[in-house]
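A.B. asks: predicted model, plus sequence, below.
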Amino acid sequence: MQNMRKYENKRSCKGFTLVEIIIVVVILGIAAAIAVPMLSSAADMQVRSAANRIAADLDYAKNLAITHQQSYSVVFDPSGESYEIHVDPAGTNTVIDHPVNPGSFVVNFSADSRLSRVNIVSAIFDPDSSDTITFDYLGSPYSGAGTTAPLNSGQITLQADDFTLTVDVEPVTGYVTMTGL
């Protein structure tokens, strides 16, 4: 009889209570709720990375213009999914050398496997709807390859699959922001 009681006590201790199971399910639910928004598609990540790169390169061109006291332009080619940074000393309008990678400062999304899904839908810098933005020696943005038309608005629209992001360039200051996050 005593052996039977020991067996029954051990048997009843082997399971989980309903409260313990509910606590584990709640903890797993909270962990899943936190993790799911962090998991976005590859297209979303590529567009965000491309937008950050464009924003950094626009700031780089603006800083070069201020530092070297001459005009620097960022020329977009939406059909080629690329852009370049040009310097314009005495009207030569040449592509600058990349500060890190060997060669010219040309960024081509379709050639970069990390950004290959990104499409440059449009790059429009008013008032003349140019695909080029130029920064003068003060860092002020202008539309087009020359510095005669002050920028009213500037937008670069990027897309991968269903995700779209817009990089905006503010008039006068050249401040870069992103919308559509």
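C.D. replies: Perfect, I can see it now.

A.B. asks: buried residues in stretch 138-149?
C.D. replies: Under the neighbour-count criterion of 16 or more other C-beta atoms under 10 Å, stretch 138-149 has 139, 140, 141, 142, 143, 144, 145, 147 buried. C-beta here means a position set from N, CA and C on the backbone, and glycine is covered the same way.

A.B. asks: oh sorry, the question was meant for stretch 84-104
C.D. replies: Under the neighbour-count criterion of 16+ other C-beta under 10 Å, stretch 84-104 has 84, 85, 86, 87, 88, 93, 96 buried.

A.B. asks: dump those to JSON lines, plus secondary structure.
C.D. replies: Formatted as JSON lines, these follow (DSSP: H, G, I helix; E, B strand; the rest coil):
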{"residue": "84", "secondary structure": "strand"}
{"residue": "85", "secondary structure": "strand"}
{"residue": "86", "secondary structure": "strand"}
{"residue": "87", "secondary structure": "strand"}
{"residue": "88", "secondary structure": "coil"}
{"residue": "93", "secondary structure": "coil"}
{"residue": "96", "secondary structure": "coil"}
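
A.B. asks: if we can go back for a sec, looking at the buried residues of stretch 138-149, which is nearest residue 46?
C.D. replies: Distance to residue 46 across those (C-beta to C-beta) is lowest for residue 141, with 26.1 Å.

A.B. asks: where do the helices of the protein begin and end?
C.D. replies: For the chain, the helices defined by DSSP state H cover 2-13, 18-38, 42-68.

A.B. asks: most tightly surrounded among these?
C.D. replies: Each of those was scored by mean neighbour count; the highest is helix 42-68, a mean of 18, by mean count of other C-beta atoms under 10 Å.

A.B. asks: same for that one, what does it pack against?
C.D. replies: Using 3 or more C-beta pairs under 8 Å, 6 or more residues apart in numbering; DSSP states H and E as the contact criterion, the elements in contact with helix 42-68 are strand 72-77, strand 82-87, strand 132-135, strand 154-160, strand 163-169, strand 176-179.

A.B. asks: right, I'll leave it there.
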